[in-house]
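1. Sequence first, predicted model second:
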Amino acid sequence: MMKRSKLATAVALIVAGAAATAGEVEVLHWWTSGGEAKSVGELKKIMQSKGHTWKDFAVAGGGGDAAMTVLKSRVVAGNPPAAAQIKGPAIQEWAREGVLANLDAVAKAEQWDALLPKGVADVMKFKGSYVAAPVNVHRVNWMWANSAVLKKAGVAGAPKTWDEFFAAAEKVKKAGLIPVAHGGQNWQDFTTFESVVLGVGGAKFYQDALVKLDPKALTSPTMTKALETFRKIKGYTDPAAPGRDWNLATAMVIQEKAAFQFMGDWAKGEFTAAGKVPGKDYICAAAPGTGNAYTFNVDSFAMFKLKDASAQKAQADLAAAIMGPAFQEVFNLNKGSIPVRLNMSMDKFDDCAKLSSKDFVATSKTGGLVPSVAHGMAISPAAEGAIKDAVSQFWNDDKITVAQGVQNIAKAATTK
Ligand code: GAL
């Protein structure tokens with residue numbers, strides 16, 4: 001009798017405990033394209049399998065500018081989501097506001113320090129404590145090409161130098177197709193721009209000019225060359241580019257309307273979602289002149305301080321899930337990126353991801369590994385915004401001379 005009632009009490013406690021641990025996670029992100037939505041759907045599935053409720057807070061707009069504006073208003077109103085896609089130096093800015101939750105308990109239990117490259121772990125920490133969890137490593141300095149279009153135009157393969165690139169672009173144009181698929185937001189312009197700076201000037205120059213914002217590098221002849229090259233590329237885009245979303249530009253390459261796109265490997269998520277195979281239907285190659293370098297873009301979720309205990313538990317489970325091997329694999333297979341968690345098997349990944357993984361390790365040893373400025377990895381959001389605007393003005397207005405463009409960018413770089 002006694003025994004049975006003890007058992008009943010124990011069962012009742014377990015049931016009550018389980019109920020208390022199921023909570024809601026509201027997750028802010030900007031992953032709304034085909035490949036992106038599939039990827040974030042995997043995280044939702046994992047959270048639901050743990051009994052939690054997923055509240056999707058998607059704010060459309062590649063690159064996340066719109067999402068960040070919405071996030072600010074929610075936090076100011078005292079109603080933050082459990083987690084938000086926040087990256088790079090912006091993590092520190094949010095942490096300084098005192099609104100981020102401390103994730104050290106999960107990080108310790110799951111051994112994050114041992115599972116992450118130190119450089120990445122440091123970005124996820126504020127004053128030594130984890131406040132964000134990373135999901136992946138995207139490579140930004142890619143050039144995507146449609147194999148059939150290249151064949152039609154008589155282009156033998158992915159161009160390796162800018163001269164080869166312009167020769168190929170000319171052939172595509174003559175074949176009546178669009179050489180470069182481009183979209184119309186400033187982060188898309190800058191994604192192309194930073195690959196050009198890297199290809200024209202090399203990794204050291206990229207660091208000096210775009211990361212250290214050294215005025216000497218920013219006003220150097222190499223910068224002039226980069227802007228000339230950048231403007232020349234524009235001549236190979238179509239007139240409908242302004243305002244176009246990045247994934248629609250990728251679709252032009254997928255659908256054999258355009259030959260090339262300069263975009264990070266979230267574009268591969270679109271090819272994958274469309275059932276296309278790398279090496280056959282399309283080519284992934286480093287942007288011209290950047291084969292020995294790697295611009296990285298690490299996506300991460302910062303977690304906000306919450307009051308409700310079940311929501312806190314759900315949030316901790318989300319953090320653990322993000323760094324878990326199952327999620328790291330399935331998410332990145334769909335997203336086009338590679339796992340950020342070390343020592344993961346790459347067996348299931350395609351050749352583009354394998355190349356990314358190999359180059360990530362190789363460039364980290366040679367100094368070729370550089371942070372993507374276009375994707376919030378390097379400089380303060382204020383300076384980044386100002387430089388992006390200057391670059392886009394130059395891209396969109398042919399009346400701005402190269403010399404003026406150089407000056408405008410150098411001035412924007414002094415924004416605090
Ligand atoms: C980047 C983000 C990627 C991808 C891209 C386009 O900033 O890091 O994960 O989603 O925007 O939306």
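-> Good, I have the coordinates.

2. ok, the closest residue to Ile178 other than its chain neighbours - contacts?
-> Distance criterion CB to CB, 6 or more residues apart in numbering; nearest residue to Ile178, sequence neighbours excluded, is Ala258 at 4.0 Å. Quick note: C-beta positions are derived from backbone N, CA and C, even for glycine. The contact partners of Ala258, by CB atoms under 8 Å, 6 or more residues apart in numbering, come to Asn146, Val149, Leu177, Ile178, Pro179, Val180, Ala181, Asp238, Ala249, Met252.

3. Go again with 7 Å.
-> Leu177, Ile178, Val180, Ala181, Met252 (CB atoms under 7 Å, 6 or more residues apart in numbering).

4. Quick check: the gap between the residue positioned nearest the centre of the chain and the ligand.
-> The centroid of the chain falls nearest to Asn297 when counting by CA atoms, centre = their mean (4.7 Å). Here Asn297 is placed at a distance of 5 Å from the ligand (CB to the nearest ligand atom, to the nearest Å).

5. pretty sure that residue contacts Val140?
-> Yes. With contact defined as CB atoms under 7 Å, Asn297 counts as touching Val140 (5.2 Å).

6. Mutual contacts of the two, please.
-> With CB under 7 Å, 6+ apart as the test, Asn297 and Val140 both reach Gly264, Ser372, His375.

7. Surely the first one and Thr295 touch.
-> This points to Gly264. No. With contact defined as CB under 7 Å, Gly264 does not count as touching Thr295 (8.1 Å).

8. if we can go back for a sec, which of the contacts of Ala258 lies closest to the ligand?
-> Relative to the ligand, the closest of these is Ala181; by CB to the nearest ligand atom it sits at 14.7 Å.

9. Next, count neighbours for that closest one.
-> Ala181: 29 surrounding residues under other CB atoms under 10 Å.

10. Could I get the contacting residues of it?
-> Ala249, Thr250, Met252, Val253, Ala258, Phe260, Gln261 are the contacts of Ala181 under CB under 7 Å, 6+ apart.

11. before we move on, what about Thr272?
-> Gly35, Asn334, Gly336.

12. If you rank these by neighbours, which is first?
-> Using other CB under 10 Å as the neighbour test, the contacts of Thr272 are led by Gly336, with 29 neighbours.

13. Could you report the distance from that one to Glu164?
-> Using CB to CB, to the nearest Å, we find Gly336 at a distance of 25 Å from Glu164.

14. Pro179 now?
-> For Pro179, the distance to Glu164 equals 13 Å [CB to CB].

15. Ala145 contacts Ala158, doesn't it?
-> Yes. Using CB under 7 Å, Ala145 is in contact with Ala158, at 5.5 Å.

16. shared neighbours, those two?
-> Ile283, Ala285.

17. Residues of the protein that sit close to the ligand?
-> Trp30, Trp31, Glu36, Gly62, Gly63, Gly64, His138, Trp246, Trp266, Asn297, Asp299, His375 (CB under 6 Å from any ligand atom).

18. what do you get if the cut-off is 8 Å, keeping everything else the same?
-> Applying CB under 8 Å from any ligand atom, we find that the chain lies next to the ligand at 30-33, 36, 61-64, 85, 87, 136, 138, 187, 246-247, 264, 266, 297, 299, 335, 337, 374-376.

19. How about the contacts made by Trp261?
-> Slight slip there: residue 261 is Gln, not Trp. By CB under 7 Å, 6+ apart, the residues touching Gln261 are Trp144, Val180, Ala181, Ala249, Thr250, Val253, Ala267.

20. got TSV for those residues, with secondary structure and distance to Trp94 too?
-> Below are the contacts of Gln261 laid out as TSV (DSSP: H, G, I helix; E, B strand; the rest coil; distance: CB to CB, whole Å):
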residue	secondary structure	distance to Trp94
Trp144	strand	32
Val180	strand	36
Ala181	coil	34
Ala249	helix	30
Thr250	helix	30
Val253	helix	35
Ala267	helix	28
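
21. Identify, from these, the entry nearest to the ligand.
-> Closest approach between the contacts of Gln261 and the ligand, by CB to the nearest ligand atom: Ala267, at 8.7 Å.

22. Isn't Ala158 up against Ala285?
-> Yes. The criterion here is CB under 7 Å, and Ala158 meets it with Ala285 at 3.6 Å.

23. Tally up the residues packed near Thr21, please.
-> Around Thr21 there are 17 residues (other CB under 10 Å).

24. make that Val99, sorry
-> Val99 has 16 neighbouring residues, counting by other CB under 10 Å.

25. Tell me how far it lies from the ligand.
-> Distance of Val99 to the ligand, computed by CB to the nearest ligand atom: 21 Å.
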